[in-house]
Each structure stands twice: as structure tokens, then as C-alpha cells.
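# here is my input; please provide its structure:
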Amino acid sequence: MRINAFSDVCLRVVMLLCAAPESMTFTSRVVAAEVGTPYNHVSKALLRLRQLGLVEAIRGRSGGVRISALGREATVGALLRQLDTRTDLAACDTLSGPCPLLSGCGLRGALRRARESFYRELDDLVISTLPHGKPDGPVLAPLGLVR
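Take a look at the predicted model:
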């Protein structure tokens, strides 16, 4: 199984925000630079993560985004399920219409079960446990939190 690019960006953003001290906020431009992703992609990811309640936005001069309490408890499996918008993993259409094998095909159901098994395997993995170290640790230095 593969996750899509948008899900990858969302996971990176949540991991970055989880690695930071609770009171620390980031501008979306800083988040984009820290996760090595274009600003417009990060902006869309932050919007979706806010909609899901995983990230909170703080307005004002010292504002920015930070992880929410819900975001600190989120699991990889739960987040990926919410971000996955594909109804089917197999493209069951041809240039001339629906696949002629569609009515007797067991592939779609098997792929759906495999995807759910993939997510279920990730349900116990809390995102906030993925970044290791303290704010002065070696993992946060590559994230730019240590200067």
C-alpha cells in the first residue's frame, strides 16, 4: 500500500508540530520550509488538519499554528482513513466504459479489505510518538527546531 502525497504532507506537518514544545507556534511558511514541501501544499494540508481538529490556528502578532490536544492523540491509521478520498483502489473503467469483468470481479473487495488491514495495522501508532528526542535532540535539529 502507498499513501498519497497529500497524506504524506499531512503526516509530516503533524509530526513536526508534535515534536515542538506545546506552546510553540509556526507560520505556514516556516512549516513548509521545515517539512521540505511547497508552501501551497502545506497550506492545503494545514487547512484540512484544522478541519479535522488536529491543528489549531492562533491569530495575532505571535500567532501561527500548533498541534491541538486531539492532534497529540491522533493515530496514523485514523488520520490516513480521514485523508483517503479514493472510493476504489482499482480503476474499474476502460476507455469504452466500465470493465467487462466488473460484475464477477472479486478484486475490488479484496483491495478494500487490504486497505483496511493496512490502516488497522497503523491504528495503534500515535503520531506524537513518532518524532524522537527533546527540543534539543538530534531529530529536531534536521527539523530546524535547534539553531
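# which residues of the protein score low on pLDDT?
88-89, 102, 132-147 (pLDDT under 70).
# at 50 what do you get?
Along the chain, the parts satisfying pLDDT under 50 run over 134-141, 146-147.
# can you pull out the helices in it?
Using DSSP state H, the helices of the chain run over 5-19, 28-35, 39-51, 69-73, 76-83, 107-122, 140-143.
# so the fifth one versus helix 107-122, what angle?
Between helix 76-83 and helix 107-122, the angle comes out at 140 degrees (axes from the mean of the first three to the mean of the last three CA atoms, to 10 degrees).
# what helices or strands is helix 76-83 leaning on?
helix 5-19, helix 107-122 (3 or more CB pairs under 8 Å, 6 or more residues apart in numbering; DSSP states H and E). C-beta: built from backbone N, CA, C; applies to glycine.
# most tightly packed of these?
Most buried of the helices and strands packed on helix 76-83, by mean neighbour count (mean count of other CB atoms under 10 Å): helix 5-19, with a mean of 21.
# which strands or helices does that helix pack on?
Secondary-structure packing of helix 5-19 (3+ CB pairs under 8 Å, 6+ apart): helix 28-35, helix 39-51, strand 55-58, strand 64-67, helix 69-73, helix 76-83, helix 140-143.
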